[in-house]
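Chemist: have a look; sequence and predicted model below, questions after that.
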Amino acid sequence: MKSLNVNFIGQSRFWWLILIVGILLVLGGFAYWFWPEAGYAVASQIFGWLLILAGIVQLCVAAGPDHAKGWGWWIAGGVIDIFVGFMLVRSVILSEMVLPYFLAIIFLFWGIEAFVNAGAGRHAKYWWLGIINGILLCLIGFFFLEAGWVSNMMMVSFLTSIAFIYWGFTISIAAYDMKPVGGK
């Protein structure tokens with residue numbers, strides 16, 4: 001009997017691209033954690049370029065001939081990531097002012113997406129991890145909203161490094177889940 005791998009994301013032979021993006025995000029998060037003096041502007045620019053890269057990878061995965069299950073979410077997320085990434089890269093002053101709000105929108109979107117994924121895969125063994133992931137992502141989004149409202153740069157810097165690290169680990173785990181079974 002074949003082993004059955006059922007998940008909402010589906011499988012793709014481009015899983016390794018998603019893993020590379022996750023590793024880069026974790027490294028970026030730790031770099032920003034240990035060197036916050038590199039500046040708020042640099043962090044917003046790096047985050048903008050990583051969002052563009054992540055959006056392109058999401059669109060490539062969704063548009064491939066063996067596109068992943070739930071490809072509509074991949075396209076929506078890719079378009080949003082690319083749009084927000086270009087807005088952050090376009091102007092340093094604009095990105096410094098609106099970075100917390102853009103990040104809040106992204107993390108709230110990912111939190112809602114995680115809730116939908118958990119609901120769609122509720123027959124899987126660990127479907128409840130999607131709900132926990134959604135709660136954590138929505139909390140990070142609400143913290144970014146609060147930090148932006150009070151214009152607390154230290155809070156935004158700390159949350160940005162945590163967001164990089166958490167996002168990178170989440171994407172890396174999803175990449176391993178997308179790896180095709182049976183050496184395809």
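Modeler: The structure has been received and is ready for your questions.
Chemist: the top helix by length along the chain: what's the following helix or strand?
Modeler: With secondary structure taken from DSSP state H, the chain has its longest helix at helix 92-120. From helix 92-120 onward toward the C-terminus, using DSSP states H and E, the following helix or strand is helix 128-149.
Chemist: next SSE downstream of that following helix?
Modeler: For helix 128-149, the succeeding helix or strand toward the C-terminus, using DSSP H and E, is helix 153-178.
Chemist: list the buried residues in that next one.
Modeler: Of the residues in helix 153-178, those buried under the neighbour-count criterion (16 or more other C-beta atoms under 10 Å) are 155-161, 163-168, 170-172, 174-175, 178. Placement of C-beta: from N, CA and C, glycine included.
Chemist: check stretch 50-70 too.
Modeler: Of the residues in stretch 50-70, those buried under the neighbour-count criterion (16+ other C-beta under 10 Å) are 50-62, 67-70.
Chemist: which of those residues fall in helices?
Modeler: When DSSP H defines the helices, the subset of those inside them is 50-62.
Chemist: for residue 71, which non-adjacent residue is closest in space?
Modeler: Distances taken as C-beta to C-beta, 6 or more residues apart in numbering place residue 62 nearest to residue 71, at 4.2 Å, with adjacent residues excluded.
Chemist: pretty sure the one you found is touching residue 79, no?
Modeler: No: with contacts counted by C-beta atoms under 8 Å, residue 62 stays clear of residue 79, the gap being 10.0 Å.
Chemist: relative orientation of the helix or strand residue 43 falls within and helix 92-120 in degrees?
Modeler: Per DSSP H and E: residue 43 is located in helix 40-63. What separates the directions of helix 40-63 and helix 92-120 is an angle of 40 degrees, with axes from the mean of the first three to the mean of the last three C-alpha atoms, to 10 degrees.
Chemist: pick the one among the ones in helices among the buried residues of stretch 50-70 closest to residue 141.
Modeler: Distance ranking of those against residue 141, using C-beta to C-beta, places residue 51 first at 14.7 Å.
Chemist: and the gap between the closest one and residue 116?
Modeler: With the distance defined as C-beta to C-beta, to the nearest Å, residue 51 ends up 21 Å from residue 116.
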